[in-house]
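> okay, here's the prediction I keep looking at, along with the sequence it came from:
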Amino acid sequence: MTLFDWIIWSGAALTLFGLGALVWCIWTVSRARARGLDDAALREKMRGVLAVNMGALAASVIGLMMVVIGIVLAR
């Protein structure tokens, strides 16, 4: 495997990790809404999920950029 293959595969793994974290965020918020929490408790739950959500989006974007850069540079 070349260096570019490593960049592509590690970027794909990072993207999958980010997508998994996004699914976790969706699942956590939908469970909190289904419980019928009051407004203050739901806001507190969403505040914690928001940080994970932003990190997951950043990880997915960086992973996709790594994949694209690896493909472009491998040519």
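Looks like it arrived, so ask away.
> tell me where this protein has strands.
In the chain, no segments count as strands under DSSP state E.
> can you pull out the helices in it?
Per DSSP state H, the chain carries helices over the ranges 3-34, 39-74.
> buried residues in the shortest one?
In terms of neighbour count (16 or more other CB atoms under 10 Å), helix 3-34 has its buried residues at 7-8, 11, 14-15, 18, 21-22, 25, 28-29, 32. Yep, even glycine has a C-beta here, placed from its N, CA and C like the rest.
> how many other residues sit next to the closest residue to residue 12 other than its chain neighbours?
In space, and not counting its chain neighbours, residue 12 is closest to residue 67: 5.8 Å by CB to CB, 6 or more residues apart in numbering. When neighbours are counted by other CB atoms under 10 Å, residue 67 registers 18.
> what ranges of the chain fall below the confidence cut-off?
For the chain, no stretch is flagged by pLDDT under 70.
> just to revisit the earlier point, with respect to residue 56, which of the buried residues of helix 3-34 is nearest?
residue 21 (3.5 Å; CB to CB).
> identify the residues contacting the closest one.
52-53, 55-56, 59 (CB atoms under 8 Å, 6 or more residues apart in numbering).
> including distance to residue 46, could the buried residues of helix 3-34 go into JSON lines?
Formatted as JSON lines, the buried residues of helix 3-34 follow (distance: CB to CB, whole Å):
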{"residue": "7", "distance to residue 46": "35"}
{"residue": "8", "distance to residue 46": "35"}
{"residue": "11", "distance to residue 46": "29"}
{"residue": "14", "distance to residue 46": "25"}
{"residue": "15", "distance to residue 46": "24"}
{"residue": "18", "distance to residue 46": "19"}
{"residue": "21", "distance to residue 46": "15"}
{"residue": "22", "distance to residue 46": "15"}
{"residue": "25", "distance to residue 46": "10"}
{"residue": "28", "distance to residue 46": "9"}
{"residue": "29", "distance to residue 46": "6"}
{"residue": "32", "distance to residue 46": "7"}
